[in-house]
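Asker: The amino acid sequence is not available; the structure is as follows:
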Ligand code: NAP
Ligand code: G4F
């Protein structure tokens, strides 16, 4: 009986996007905090649950099929789960893909948010809501660095524009209906669970495959784009901390350190004892092994975007002050974590670091 009472007292968290990088780490984190975790999973012809299989197998989380584009589904889920906290991490999250799927990106990343907020307003107005907002809102002009909560927005893709709508509608519902709703403006965060088509994972996987003699070289886009890359496992704690505040707030989460794609490539090769020498310019630039002169990196315009966000580097001093969050993993350590994983495994799914 005591056990039952304890169980009933657990807080309930509902995560959309639980099969993604952040959703899976957040589920791990909340379970450790003794939450009951509920997740929304999209139906697909093959299983998309690799990152959370360890939780499904041990029956630690409950998941329901659903989609952010379906109002009835969202309403039913909130009615049944009655969550204390809602983390909306679901999105068409790939910037380049958003130029190819602009309508769908808006459908999910903008309208999906209004569906959720309306459902909260009607069904569970006391639930706390976290919105996965993004540094892409800032547009990445070098003159705006470091970007903070006070930096003006300048979205440069259908993804960023859709996320900007989401940002404002969260603020709007917070003010109009007194919902506890926060925007977490997160800068890039990576991990062994990062999707294969994001640049960091593409690089660490590619370099590992070169080392395993499964791949000859990596083909990449803009080498000079700069990002503020942190470790996803730490960033999900920032999300949770935001929802423990007394009053809702929008906060930047970042490391404050900038690294170029070029440097990320050099660090990844350094991990396997190889130094890269660059020759040529623009799409003709190539990276060679200093010792053997073998070509390891090639540039292709296939991976350039119609509009580029050149330089992102955040200032998360307010997050330190308000929620006591600071980053712990620097870029070299992040590369080490991702490289060690990719050298050991061919894909995520085995050791869920
Ligand atoms: P991710 O790995 O791409 O995961 C996205 C998740 O959204 C997946 O679970 C995906 O399901 C789900 N999803 C996509 N469309 C959906 C729909 N129509 N209905 C329901 N679920 C849907 O992304 P992430 O890196 O974990 O990022 C989490 C969130 O933070 C996203 O909103 C992203 O835009 C935002 N964000 C990410 C970063 C970053 O650096 N990672 C930075 C700032 C903001 P499937 O598994 O079925 O595809
Ligand atoms: O890894 P990326 O695709 O991430 P991007 O565009 O910064 O977006 C990620 O971070 C955002 C936060 O700032 C999130 F909101 C978003 O959901 C996502 O998680 O590209 C990083 C940079 C870009 O400038 C891109 O042009 O790397 C450059 N890049 C160069 N070559 C490449 C490649 N990007 C990809 N994906 N693939 C390449 O071959």
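Answerer: Nice, I can see it. On a predicted model such as this, the values are computed, not experimentally measured, just so you know. Ligands and ions are numbered 1, 2, ... in the order given.
Asker: any weak-confidence spans in the stretch 251-353 of the chain?
Answerer: Low-confidence segments of the stretch 251-353 of the chain, defined by pLDDT under 70: 347-353.
Asker: For ligand 1, what is the nearest residue in it?
Answerer: Of all residues in the stretch 251-353 of the chain, the one sitting closest to ligand 1 is residue 253 (8.7 Å; CB to the nearest ligand atom). Glycine gets a C-beta too; all of them are placed from N, C-alpha and C.
Asker: pretty sure that residue contacts residue 315?
Answerer: No: using CB atoms under 8 Å as the test, residue 253 is too far from residue 315 to be in contact (10.7 Å).
Asker: which one of those two has more residues nearby?
Answerer: Neighbours were counted for residue 253 and for residue 315 using other CB atoms under 10 Å; residue 253 has more, 29 against 19.
Asker: what separates the nearest residue to residue 49 once chain neighbours are set aside from ligand 2, distance-wise?
Answerer: Counting by CB to CB, 6 or more residues apart in numbering, the nearest residue to residue 49 once its immediate chain neighbours are dropped is residue 19, at 5.6 Å. Going from residue 19 to ligand 2 by CB to the nearest ligand atom, to the nearest Å gives 15 Å.
Asker: what's the neighbour count on residue 19?
Answerer: Per other CB under 10 Å, the neighbour tally for residue 19 reads 24.
Asker: cool, residue 290 as well?
Answerer: The number of residues packed near residue 290 is 11, by other CB under 10 Å.
Asker: Then residue 332?
Answerer: 12.
Asker: can you check the one 3 residues further on too?
Answerer: Residue 335: 26 surrounding residues under other CB under 10 Å.
Asker: Leaving out sequence neighbours, find the closest residue to it.
Answerer: Residue 335 sits nearest to residue 267 (CB to CB, 6+ apart), 4.5 Å away.
Asker: sorry, back to before: now the residue of the stretch 251-353 of the chain closest to ligand 1, what are its backbone angles?
Answerer: phi -120, psi 120 (degrees, to the nearest 10).
Asker: Please report the distance of the nearest residue to residue 244 once chain neighbours are set aside from residue 226.
Answerer: Once flanking residues are discounted, residue 244 sits nearest to residue 323: 7.5 Å by CB to CB, 6+ apart. Using CB to CB, to the nearest Å, residue 323 is found at 26 Å from residue 226.
Asker: By mean pLDDT, point me to the weakest helix or strand of the protein.
Answerer: Least confident helix or strand of the chain, by mean pLDDT, DSSP states H and E, is helix 2-8 with a mean of 54.
Asker: which is the next helix or strand following that one?
Answerer: Proceeding N to C from helix 2-8, the next assigned helix or strand is strand 12-16, under DSSP states H and E.
Asker: roughly how far is that next one from the heart of the chain?
Answerer: Here the centre of strand 12-16 is set off from its chain's centre by 16 Å, with CA atoms, centre = their mean, to the nearest Å.
Asker: Can you spell out which helices and strands pack onto it?
Answerer: On a contact count with 3 or more CB pairs under 8 Å, 6 or more residues apart in numbering; DSSP states H and E, strand 12-16 meets helix 21-32, strand 36-41, helix 71-81, strand 85-88.
Asker: could the ones you listed be laid out in TSV, adding mean neighbour count?
Answerer: Output for these, formatted as TSV (neighbours: other CB atoms under 10 Å):
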stretch	mean neighbour count
helix 21-32	23
strand 36-41	24
helix 71-81	16
strand 85-88	25
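Asker: Dump the ones you listed to TSV, plus mean pLDDT and distance to residue 247.
Answerer: Formatted as TSV, those follow (pLDDT from 0 to 100; distance: least, CB to CB, whole Å):
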stretch	mean pLDDT	distance to residue 247
helix 21-32	98	22
strand 36-41	98	25
helix 71-81	98	23
strand 85-88	99	15
